[in-house]
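> Here is my input; please provide its structure:
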Amino acid sequence: MSIIFDRRSIRSYTSEPVSEEEIKYLLQAGMAAPSAMNQQPWEFVVIDDREVLDQIPEFHDYAQMVKEAPVVIAVCGNQEDLKFDDPEAAKNYMLQDCSAATQNILLAAEEQGLGSVWLGVYPRKKRRKDVKKLLNLPDKVVPISLVVIGHTNEEKEVNDRYLEEKVHRNQF
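You can find the predicted model right below:
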């Protein structure tokens, strides 16, 4: 539970690289996420080329920390071959599945002593378009989030976010 409670959004990174073993571990964690009907619609793009990384803050207002970070993982949903009768349901389950994968990556980063932050891409149309273009994503692949990863250059205190007034029992 400490991994869940200690995880914080980190926005300052050292220049120390993230190892291939660490990246693989993060991807394994992402792929261990639950998914509706076990469809596993996720696709991951590991971005570690500085020229590509430096383009992200040009179109994402909240991505300035990418200029310091050694790695970003783009979590994308592949709409190809989703087996749902309702296309709207397929899209919504894909979003949930990719969000679960994103959270798993964040928790695995915390476990490894790495800093991370979740940058939203979906549902912003311009961000989706810019990420698709930057990463040369096929038409059926939708960017959902960007997970910035690196060795932290800041310390953040853990805070208790539990609010009793947000808990309802049996009815709202």
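
> Each with direction, which strands does the longest strand anywhere in the chain pair with?
If you go by DSSP state E, the chain has its longest strand at strand 141-150. Strands that pair with strand 141-150, judged by DSSP bridges, come out as strand 71-78 (antiparallel), strand 115-120 (antiparallel).

> List the buried residues in the last one.
By neighbour count on 16 or more other CB atoms under 10 Å, the buried set for strand 115-120 is 115-119. Using the backbone N, CA and C atoms, a C-beta is placed for each residue, glycine as well.

> And the contacts of the lengthiest helix in the chain?
Secondary structure of the chain per DSSP state H: the longest helix is helix 87-111. Residues outside helix 87-111 that contact it (CB atoms under 8 Å, 6 or more residues apart in numbering) are 3-4, 6-7, 25-37, 39-42, 44, 73, 75-79, 82, 84, 115-116, 118, 122, 142, 144-145, 147, 149.

> For that helix, list every residue counted as buried.
Buried residues in helix 87-111 (16+ other CB under 10 Å): 90-91, 93-110.

> ditto for stretch 72-89
Buried, per 16+ other CB under 10 Å, within stretch 72-89: 72-79, 82.

> quick one: least confident of these?
Within the buried residues of stretch 72-89, Leu82 has the lowest pLDDT, namely 87.

> contacting residues for that residue?
Here Leu82 is in contact with 39, 41, 90, 93-94 (CB under 8 Å, 6+ apart).

> out of these, which one sits closest to Ser19?
Nearest to Ser19 among the contacts of Leu82, counting by CB to CB, is Pro41 at 27.7 Å.

> doesn't Met31 make contact with the closest one?
No - contact status for Pro41 versus Met31: not in contact, 11.3 Å apart, counting by CB atoms under 8 Å.

> The two - which one has more neighbours?
Comparing Pro41 with Met31 by other CB atoms under 10 Å, the one with more neighbours is Pro41, at 27 against 14.

> who touches that one in this structure?
35, 77-79, 82, 93-94, 97-98.

> same check, this time on Cys76
So Cys76 contacts 42-45, 98, 137, 141-144 (CB under 8 Å, 6+ apart).

> from these, which is closest to Glu21?
Among those, and counting by CB to CB, the member closest to Glu21 is Phe44, at 15.9 Å.
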